[in-house]
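**Student:** model the following, please.
(one chain, ligands or ions: 2)
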Amino acid sequence: MLTKRLSTSEEDIEVAGKILREGGLVAFPTETVYGLGANALDSKAVASIYEAKGRPSDNPMIVHIADSAELKQLVKGGRDGIGKNAIKVMEAFWPGPLTIIFPKSSAVPDVTTGGLDTVAIRMPSNDIAYRLIVEAGVPIAAPSANLSGKPSPTTAEDVLEDMNGRIEAVIMGGCCDVGIESTVLDLTGDKPIILRPGLITSEWISGVLDQEVAYDKMLLANNEMVANPREGVTETSFKPKSPGMKYTHYSPKAKVRLIEGSDIEFKRKVVELGIKAKKQGYSSAVLNYEDDVRRAAKKFFADLRELDRQEYDIIFIKTLEETGLGFSVMNRMLKSAGYDVIK
Ligand code: TXA
Ligand code: MG
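**Tutor:** Ligands and ions are numbered 1, 2, ... in the order given. Take a look at the predicted model:
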């Protein structure tokens, strides 16, 4: 299959909308990462996403909408099923990088939700994504547009690295603003729970809802693994509510090692470990975002891919403080390193 490179012109967005309506796959930019879109209401089209990504089919998709009027056909109970908390967070954060879990209506095919009776929905703020969803005229199911297990793509070139020849088209829409995937917020239980951390933090959501917003224990278990790697806590021994969180993620070809400590300690350890690696014939690269968490979020996935292209064997990364957005970026860094942290 020849993958079309589409521009952001009106004509090309029309071409992309038509491909989606006819059951094809189009990768498109959002404010977080590039998504791999299909018509969310077309089971066959959604099934082909799993195939293109090489993704396990119990991993549910996020459904992207351009107008909150579209919610009533996707959520169980229609308009009345939406709930007060959801209305508050949508008013505060939509359009934007927040995904909300709702009980699903029967209009949403099981394949879209990986067999769950809930559906993840978000309204992206990226203008190209907005125009595409409006043009397609259907809700768009879209996971990140990477091969399963690889870092999420934040440029059209990174999408093509994984998806060229596997999908109908890519919209060449430049680089993504946020750089890590949306916050996933579950509002279906007694208490609001964050299943995946992102730019929109628990503190912000908590402020809007005027109630505590906890992290899924799986996320905290990850930190526990770092603190206590021999306690037998493994990722697969947990059944996270968000199925996607249990798979290996964000792995470049290089071995990633996180290093904790002050700037001076970090530099000393990097020199020491770099020399050791070199003696064994391995090349190493360094990522130090100097506590600029916004830049770390924006660049981290792109940097992993770039260092892979340069064929480094090892990547040393300075850890970030695990508060606010730093917690969200560290969640990705820890996964890419297989929870290997040098203290
Ligand atoms: O920023 C983003 O969210 C990007 C862009 C393209 O919108 N999309 C994205 O999709 O990251 P994906 O498929 O790579 O990640 C979706 C996450 C997974 O962790 C999945 O398990 C979770 O959302 N998820 C989806 N539906 C769910 C549901 N019904 N219940 C719980 N978790 C769900
Ligand atoms: Mg993904």
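**Student:** burial count for residue 270?
**Tutor:** Using other C-beta atoms under 10 Å, residue 270 has 20 neighbouring residues. All C-beta spots, glycine's among them, are computed from the backbone N, C-alpha and C.
**Student:** contacts only, for it.
**Tutor:** Applying C-beta atoms under 8 Å, 6 or more residues apart in numbering, we find residue 270 in contact with 259, 284, 286, 316.
**Student:** kindly report the same for residue 167.
**Tutor:** Residue 167 makes contact with 1, 3, 24, 25, 26, 27, 36, 52, according to C-beta under 8 Å, 6+ apart.
**Student:** now do residue 83
**Tutor:** 102, 187.
**Student:** same check on residue 168?
**Tutor:** So residue 168 contacts 1, 3, 4, 19, 24, 25, 26 (C-beta under 8 Å, 6+ apart).
**Student:** okay, now the nearest residue to the third one once chain neighbours are set aside: neighbour count?
**Tutor:** Read that as residue 4. Nearest residue to residue 4, sequence neighbours excluded (C-beta to C-beta, 6 or more residues apart in numbering): residue 169, at 4.0 Å. Neighbours of residue 169 under the rule other C-beta under 10 Å: 22.
**Student:** one step back: report the two of the contacts of residue 167 separated the most.
**Tutor:** 1 and 36 (13.9 Å; C-beta to C-beta).
**Student:** these two: which is more packed in?
**Tutor:** A side-by-side neighbour count of residue 1 and residue 36, using other C-beta under 10 Å, places residue 36 first with 28 against 11.
**Student:** residues of the chain that sit close to ligand 1?
**Tutor:** Contacts of the chain with ligand 1, taken as C-beta under 6 Å from any ligand atom, map to 30, 32-33, 35, 59-62, 97, 99, 101, 113, 116, 118-120, 142-144, 181-182, 184, 195-196, 241-245.
**Student:** redo that, cut-off 5 Å
**Tutor:** By the rule C-beta under 5 Å from any ligand atom, the part of the chain lying against ligand 1 is 30, 32, 35, 60, 62, 101, 116, 118, 120, 142-144, 181-182, 184, 242-244.
**Student:** out of those residues, which end up buried?
**Tutor:** Buried members of the residues of the chain next to ligand 1, scored by 16 or more other C-beta atoms under 10 Å, are 30, 32, 35, 60, 62, 101, 116, 118, 120, 142-144, 181-182, 184, 242-244.
**Student:** out of these, which sit inside strands?
**Tutor:** The strands, defined by DSSP state E, take in 35, 62, 101, 118, 120, 184 from those.
**Student:** check the contact between the second one and residue 122; I expect there is one.
**Tutor:** Yes: because the distance of 5.6 Å satisfies C-beta atoms under 8 Å, residue 62 is recorded as touching residue 122.
**Student:** give the residues shared as contacts by those two.
**Tutor:** Common contact partners of residue 62 and residue 122 (C-beta under 8 Å, 6+ apart): 99, 182.
**Student:** picking that back up, which of the contacts of residue 167 lies closest to ligand 1?
**Tutor:** Closest approach to ligand 1 among the contacts of residue 167 (C-beta to the nearest ligand atom): residue 36, at 7.5 Å.
**Student:** show me what the closest one is bridged to.
**Tutor:** residue 27 (DSSP bridges).
**Student:** repeat for residue 316
**Tutor:** Beta-bridge pairing for residue 316 (DSSP bridges): residue 257, residue 286.
**Student:** give the contact list for it.
**Tutor:** 257, 259, 269, 270, 273, 274, 284, 285, 286, 287.
**Student:** if you rank those residues by neighbours, which is first?
**Tutor:** Neighbour counts for the contacts of residue 316 (other C-beta under 10 Å) peak at residue 259, which has 22 neighbours.
**Student:** that one: what's it in contact with?
**Tutor:** Applying C-beta under 8 Å, 6+ apart, one finds that residue 259 lies in contact with 266, 269, 270, 273, 316, 317, 318, 319, 341, 342.
**Student:** roughly how far apart are it and residue 304?
**Tutor:** As for residue 259, its distance to residue 304 is 16 Å (criterion: C-beta to C-beta, to the nearest Å).
**Student:** next, count neighbours for residue 261.
**Tutor:** Residue 261, neighbours per other C-beta under 10 Å, totals 14.
**Student:** and what of residue 141?
**Tutor:** Look at residue 141: counted by other C-beta under 10 Å, it has 28 neighbours.
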